[in-house]
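Chemist: give me a model of this one.
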Amino acid sequence: MLTAFAKAFKTPDLRKKLLFTLAILVVYRLGCNIPAPGVDFRYVKECVSQASTSGGSLFGLVNLFSGGALLQLTIFALGIMPYITASIILQLLTVVIPRLEALKKEGQAGQTKITQYTRYLTLALGVLQATGLAATARSGNLFSQCSVGSQVVSSQSYMTIVTMVVTMTAGTAIIMWLGELITDRGIGNGMSILMFTSIAAGFPGQIWQIKQQKGWLPFTLVIVLGLCLVGLVVFVEQAQRRIPVQYAKRMIGRRAYGGTSTYIPLKVNQAGVIPVIFASSLLYIPALVVQFSGSTASWANWVEQNLTKGDHPIYMVIYFLLIVFFAFFYVGISFNPEEVADNMKKYGGFIPGYRAGRQTAEYLQYVLTRITWPGSLYLGLIALVPLVALVAFNANQNFPFGGTTILILVGVGLETVKQIDSQLQQRSYEGFLR
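Modeler: Coordinates of the predicted model:
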């Protein structure tokens, strides 16, 4: 990885792209540390330190994707979470709404239209999330266990809330624009790079916090465990089942076309990090309902005791089962064996030993189900690592080597290095004649 970056900086075009990407990341991190209007940063700092010592908050997932900007109530407080949510919603609606499915099949023009819809939905979700965050901070529920939580928002007027909502929504639009700039003029996928930066920003502090609280031995054990997890994630993320595909020869005039052989790469973890995000978000809903309703009924007490603490066995079991379910659900939506089989049949392709059409689709579905099982179990086990660490190390909620953290860091890192390598190969290809 370091060799690829060193070679990239020696290439003028790639050096410009890398420096442009780094400049955008500096702007992004700067916005993550500028408080929104109407926020008293002294009290925010005090409450954030109390929350990190006492075990986090219900907004941990969104705070993770915003690089800690959410709980600090900065202008980039919402981070890229509205865009991620909008992209997932549009991807799910593509299967349900025929108009979106038709746009998806139109190629680049249809994809541009879907991207435009994603931007509009991102802004709408940004307004909703910013309103909820500002109202929660104004009422003091954002830092309910902090003694000065009600003084975080300096003014209780509605004009202050409107200003905070407009500022945070504008911050979401700027983040979306910065991500697209990286994609067009920088290196890698812009939104993935911003997500990587948000998570990596708090990573060293979280590791050092374990050393300060627990000492050198737990700190060393956490580092060793983290390196083993990174190796496991790299191994599984690179693993794939290659299904051979043969294309028949066709004579058009005097020329023969086709006759080539290729393969369909089916990854073991076909769903990526999406099932973990779905399961985490779904488990946050009951806890948020109890927190905002203030109910003291028996169901509310049960939710508070069993579904708000990550180290509870019931929470772990439900979390694991939800991840497995959403892994199968998302793979079933994102990969359509019948569509792949039809496209292969249209261009004269077939899997050796299977007829084109229905038999090919059934075989693809069979293989996909077989490899999704280990992929979903792997996701569930990786996601349970920080929850088990809460019990083993008696650590706080900011355990650095969490399932979502490792999956995103390793996945985005591998993809970015692959893009750099491919561009280096294009520029250093010498050909046959020298």
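Chemist: CA atoms for contacts and neighbours, from now on please.
Modeler: OK.
Chemist: helices along the stretch 151-300 of the chain, start to end?
Modeler: With DSSP state H, counting those that start in this stretch as the criterion, the stretch 151-300 of the chain has helices at 158-185, 190-201, 203-214, 216-238, 274-293, 298-306.
Chemist: export those to TSV and append columns for mean pLDDT, distance to Y263 and mean neighbour count.
Modeler: As requested, those are exported to TSV (pLDDT from 0 to 100; distance: least, C-alpha to C-alpha, whole Å; neighbours: other C-alpha atoms under 10 Å):
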stretch	mean pLDDT	distance to Y263	mean neighbour count
helix 158-185	89	28	20
helix 190-201	83	27	22
helix 203-214	76	38	15
helix 216-238	82	16	15
helix 274-293	75	25	17
helix 298-306	72	46	14
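Chemist: make a markdown table out of the ones you listed and add distance to I371.
Modeler: Converted to a markdown table, the helices of the stretch 151-300 of the chain look like this (distance: least, C-alpha to C-alpha, whole Å):
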| stretch | distance to I371 |
| --- | --- |
| helix 158-185 | 31 |
| helix 190-201 | 25 |
| helix 203-214 | 32 |
| helix 216-238 | 11 |
| helix 274-293 | 16 |
| helix 298-306 | 32 |
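Chemist: so for S334, which of these sits nearest?
Modeler: helix 274-293 (11.3 Å; C-alpha to C-alpha).
Chemist: what's the spacing between that closest one and its chain's center?
Modeler: Mean-position distance between helix 274-293 and its chain equals 16 Å (C-alpha atoms, centre = their mean, to the nearest Å).
Chemist: now do that helix against helix 298-306, angle only.
Modeler: Going by axes from the mean of the first three to the mean of the last three C-alpha atoms, to 10 degrees, helix 274-293 is angled at 130 degrees with respect to helix 298-306.
Chemist: so R358 is in contact with E339, correct?
Modeler: No: using C-alpha atoms under 8 Å, R358 is not in contact with E339; the gap is 10.3 Å.
Chemist: scan this protein for its longest helix.
Modeler: helix 358-392 (DSSP state H).
Chemist: any idea of the angle the helix or strand following that one forms with helix 274-293?
Modeler: Going down the chain from helix 358-392, the next helix or strand is helix 403-428, by DSSP states H and E. Orientation note: helix 403-428 sits at an angle of 140 degrees relative to helix 274-293 (the same axes, to 10 degrees).
Chemist: now for helix 403-428, which elements pack on it?
Modeler: Contact partners of helix 403-428 among helices and strands, from 3 or more C-alpha pairs under 8 Å, 6 or more residues apart in numbering; DSSP states H and E: helix 2-10, helix 190-201, helix 216-238, helix 274-293, helix 358-392.
Chemist: do you know which of these lies nearest V27?
Modeler: helix 190-201 (10.9 Å).
Chemist: in which helix or strand does M344 reside?
Modeler: According to DSSP H and E, M344 maps onto helix 337-346.
Chemist: how about residues contacting that helix?
Modeler: Outside helix 337-346, the residues that touch it by C-alpha atoms under 8 Å, 6 or more residues apart in numbering are F350, A356, G357, R358, T360, A361, E362, L364, Q365.
Chemist: of those residues, buried ones?
Modeler: F350, A356, G357, T360, A361, L364, Q365 (16 or more other C-alpha atoms under 10 Å).
Chemist: need phi/psi at the second one.
Modeler: To tie it back to what came earlier, the one meant is A356. With angles defined as degrees, to the nearest 10, A356 sits at phi -70, psi 140.
Chemist: may I see the buried residues of the longest helix of the chain?
Modeler: 360-361, 363-365, 368, 371-372, 375-380, 382-390.
Chemist: do stretch 239-250 as well
Modeler: V245, Q246, Y247.
Chemist: how about stretch 312-320?
Modeler: Neighbour-count burial for stretch 312-320 [16+ other C-alpha under 10 Å]: H312, Y315, M316, Y319, F320.
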